[in-house]
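1. A predicted structure for the sequence below; I have some questions about it.
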Amino acid sequence: MFSAASPEHPGPAGCWRSDPATDGTKDFITQDTPMDLQITGRLAVVTGAAGGIARATAKALATEGAHLFLTDVDADKLSACARELGEAVVGTRAVDLTSDTDVAALADEVAGKGGADILVHMAGITGAKGDPLDMEYDDWFACWNTNFMSGVRMARALVPHMAAQGWGRVVFTVSENAVQPYPDEAVYNASKAALLSFVKALSQPYGPKGVLVNAVMPAFIESPMTDGMMEKRAAARGVSKEDAIQTFLAEERPYLTLGRRGKADEVAVAAAMLCSERASFTNGSAWRVDGGAV
């Protein structure tokens with residue numbers, strides 16, 4: 001596990017660096033230095049792998065000695081991610097997780113490599129935004145199918161193997177929106193609340209079989225998804241992206257007490273822990289990585 005070193009007394013790998021980053025925060029080391037999570041040789045399937053949080057989590061798992069099978073809907077970005085992660089990657093597949101056929105093909109390929117020990121499901125979309133009653137039915141179904149049903153599909157495809165072998169870890173990414181919904185993000189709120197409920201439901205019958213199911217619950221993390229949100233906000237207001245971020249924090253996320261976007265690495269370290277042997281008494285939980293936003 002990582003050490004609880006202070007900034008003034010930086011500890012070994014996995015702790016705070018002693019030199020402050022340019023935004024006044026500390027730079028957290030998670031990806032290049034192991035935490036002894038005891039998952040060497042485990043096969044981890046990571047969805048949405050080309051995204052910021054998923055990529056950081058995959059790198060953290062690779063550092064712990066896990067083998068990676070990566071999937072994303074964007075084949076080019078997936079290939080770039082695999083090149084970055086190197087020899088830890090034992091397979092990749094571009095998959096549309098809203099397709100039963102695609103998910104079945106993915107499951108077959110993973111089974112050919114011995115089956116998954118770990119599932120990190122981080123694929124998702126923000127969905128349409130606006131007045132809840134202005135959302136079209138297609139808006140609701142698109143977000144539901146991508147954010148919720150893809151998680152159900154992946155669990156159905158991979159968890160039975162974990163249960164049969166008596167060991168597994170499943171980590172879903174939900175969001176602060178699951179418990180603290182925002183009015184202009186209704187379709188996203190609903191999909192993430194459903195996924196959080198699914199985490200708890202799945203954990204109950206499968207925990208006793210050795211498959212521990214949990215979630216990480218990030219809020220306003222520096223990622224391609226929130227970059228896009230802030231770029232749209234900046235364009236609409238005629239301000240810089242940095243100004244858009246600061247006004248968003250002040251106006252839309254006043255309870256995010258740390259006053260900044262989180263780092264992908266800061267979510268990755270929590271997700272990696274939940275994938276580990278160390279988290280052997282954690283089941284059906286949602287770990288908030290939200291800077292105090294909830």
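-> Okay, I see it. Residues are numbered from 1 along each chain as shown.

2. And Gly262, what's its pLDDT?
-> pLDDT recorded at Gly262 is 89.

3. residue contacts, it?
-> Pro218, Ala219, Phe220, Ile221, Glu222, Val289, Asp290, Gly291 (CB atoms under 8 Å, 6 or more residues apart in numbering). To be clear about C-beta, it is placed using only N, CA and C from the backbone, and glycine gets the same treatment.

4. who wins for neighbours among these?
-> Greatest neighbour count in these, by other CB atoms under 10 Å, goes to Pro218: 26 neighbours.

5. just checking, Glu231 is part of a helix?
-> Yes - assessed by DSSP: H, G, I helix; E, B strand; the rest coil, Glu231 belongs to a helix.

6. quick one: low-confidence ranges for the stretch 51-200 of the chain?
-> The stretch 51-200 of the chain contains no residues with pLDDT under 70.

7. first to last residue in stretch 284-293, what's the distance?
-> Terminal residues of stretch 284-293 lie 21 Å apart, using CA to CA, to the nearest Å.

8. returning to that earlier point: now, which of the contacts of Gly262 sits nearest Lys129?
-> Phe220 (15.0 Å; CB to CB).

9. What is the longest strand of this protein by residue count?
-> For the chain, the longest strand by residue count, based on DSSP state E, is strand 211-218.

10. Give me the helices and strands touching it, please.
-> helix 150-165, strand 168-173, helix 186-206, helix 264-274, strand 286-289 (3 or more CB pairs under 8 Å, 6 or more residues apart in numbering; DSSP states H and E).

11. right, so those: which one is the most enclosed?
-> strand 168-173 (a mean of 27; mean count of other CB atoms under 10 Å).

12. Among the helices and strands packed on strand 211-218, which comes closest to Cys143?
-> helix 186-206 (4.1 Å).

13. just to revisit the earlier point, okay if I get the helices and strands packed on strand 211-218 as TSV plus distance to Val95?
-> Shown next, in TSV, are the helices and strands packed on strand 211-218 (distance: least, CB to CB, whole Å):
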stretch	distance to Val95
helix 150-165	9
strand 168-173	17
helix 186-206	18
helix 264-274	20
strand 286-289	25
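
14. Find me the pLDDT at His9, would you?
-> On the pLDDT scale, His9 gets 33.

15. again, but for Thr25
-> With respect to pLDDT, Thr25 scores 49.

16. what ranges do the helices span in the protein?
-> Ranges of helices within the chain are 52-63, 75-85, 100-111, 137-143, 150-165, 186-206, 224-237, 241-252, 264-274, based on DSSP state H.

17. Mind putting the ones you listed into a markdown table with distance to Gly91?
-> Shown next, in a markdown table, are the helices of the chain (distance: least, CB to CB, whole Å):
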| stretch | distance to Gly91 |
| --- | --- |
| helix 52-63 | 12 |
| helix 75-85 | 9 |
| helix 100-111 | 6 |
| helix 137-143 | 28 |
| helix 150-165 | 13 |
| helix 186-206 | 24 |
| helix 224-237 | 23 |
| helix 241-252 | 36 |
| helix 264-274 | 20 |
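
18. nearest to Lys129, of the ones you listed?
-> Per CB to CB, nearest to Lys129 of the helices of the chain: helix 186-206, 7.9 Å.

19. quick one, that closest one and strand 168-173 angle?
-> Interaxial angle, helix 186-206 versus strand 168-173 (axes from the mean of the first three to the mean of the last three CA atoms, to 10 degrees): 160 degrees.
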